[in-house]
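**Student:** Pasting the sequence and the predicted coordinates here, then a few questions.
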Amino acid sequence: MEDNSQEKIWFYAKRYGFGWGMPASWEGWIVLITYMAILIGGVFVIPMMYYAIAAVCATLMLFLILFWKGEKLQWRFGKNDQFSPKQIKVFSLLVHLLLSPLILTLGIWLYCNPPQDIGNLGYRTPTSMQNDVMWDEAQVYSSKVMIIAASISLLIQIISYFSMKPEMSLLVSVVGMVLAIVLVIPLTELHLQNYELKINPGLQLELVDP
């Protein structure tokens with residue numbers, strides 16, 4: 001008798017170790033592609049001050065779906081499934097090519113072509129949108145930090161790809177990329193606060209006066 005329980009599973013459990021691996025159904029692929037689209041495409045359409053919140057919420061939602069629709073978690077020491085190790089390796093490589101390299105390219109493009117108009121595509125926060133001077137400084141500095149963060153994330157990707165199993169490599173790479181991009185916000189905001197005090201020394205006196 002055919003077991004229909006698999007029809008309700010969206011993600012396979014990992015073949016080795018603990019956790020989830022590849023999608024087991026088209027619903028799982030839609031969830032995974034949507035998650036990657038939020039992380040990567042969100043950089044282009046979501047203001048930077050809200051991107052971290054969107055990335056965290058998307059990650060939490062992904063884990064909720066994994067617990068709800070994923071195969072039952074347990075330690076595994078190998079089993080047969082519909083994906084060969086070669087297929088998984090190829091998919092892992094494709095995803096890696098869409099992660100940090102795309103963010104690095106975006107950072108370089110923003111550095112070479114910083115948005116001129118306040119509120120246009122770029123680093124948009126209340127601090128950066130105060131005036132033209134703060135806006136220009138925010139675009140240049142945030143793009144530099146993004147380039148550094150993406151470079152570090154890319155290094156993590158390369159190391160994990162050649163030293164870990166594909167599923168674990170993807171998990172480490174996604175987490176590393178999200179953390180690297182999220183750090184762009186507090187680092188840039190801190191720089192802008194110091195920069196504002198530098199160009200407006202009287203502001204510091206106002207802050208310390210009772």
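**Tutor:** Yep, that arrived.
**Student:** Quick one: mean pLDDT for the longest helix along the chain?
**Tutor:** Ranked by residue count under DSSP state H, the longest helix found in the chain is helix 132-163. Helix 132-163 shows an average pLDDT of 90 in the prediction.
**Student:** mind checking the SS state of the most centrally placed residue in the chain?
**Tutor:** Most central residue of the chain, judged by C-alpha distance to the mean C-alpha position with CA atoms, centre = their mean, is V178 at 3.3 Å. In the three-state summary, V178 is assigned as helix, counting by DSSP: H, G, I helix; E, B strand; the rest coil.
**Student:** SS state for Q116?
**Tutor:** Following three-state DSSP, the label given to Q116 is coil.
**Student:** Would you mind confirming that Y123 is in contact with E137?
**Tutor:** No. Applying CB atoms under 8 Å, one finds Y123 not in contact with E137, separated by 9.7 Å. From N, CA and C alone the C-beta is placed, and that goes for glycine too.
**Student:** So between the two, which is more surrounded?
**Tutor:** Counted by other CB atoms under 10 Å, Y123 and E137 do not tie: Y123 has more neighbours, with 28 against 20.
**Student:** nearest residue to that one other than its sequence neighbours?
**Tutor:** Spatial nearest neighbour of Y123, chain neighbours left out: S142 (3.9 Å); criterion: CB to CB, 6 or more residues apart in numbering.
**Student:** So that neighbour versus K72, what's the distance?
**Tutor:** In this view, S142 and K72 are 43 Å apart by CB to CB, to the nearest Å.
**Student:** Repeat that for A54.
**Tutor:** Counting by CB to CB - A54 and K72 are separated by 30 Å.
**Student:** Next, count neighbours for M22.
**Tutor:** Neighbour count of M22, defined by other CB under 10 Å: 21.
**Student:** Would you mind listing where this structure has pLDDT under the threshold?
**Tutor:** By pLDDT under 70, the low-scoring segments of the chain are 1-7, 15-19, 43-44, 47-49, 73-88, 119-120, 167, 201-210.
**Student:** Who are the contact partners of the closest residue to L98 other than its chain neighbours?
**Tutor:** Distance criterion CB to CB, 6+ apart; nearest residue to L98, sequence neighbours excluded, is I40 at 6.5 Å. Taking CB atoms under 8 Å, 6 or more residues apart in numbering as the contact definition, I40 lies against L98, L99, L102, I103.
**Student:** Can you tell me the element I40 falls in?
**Tutor:** helix 26-45 (DSSP states H and E).
**Student:** got the phi/psi numbers for P23?
**Tutor:** phi -60, psi 150 (degrees, to the nearest 10).
**Student:** number of nearby residues for it?
**Tutor:** Applying other CB under 10 Å, we find 21 residues neighbouring P23.
**Student:** how about the nearest residue to it, chain neighbours excluded?
**Tutor:** Distance criterion CB to CB, 6+ apart; nearest residue to P23, sequence neighbours excluded, is W29 at 4.6 Å.
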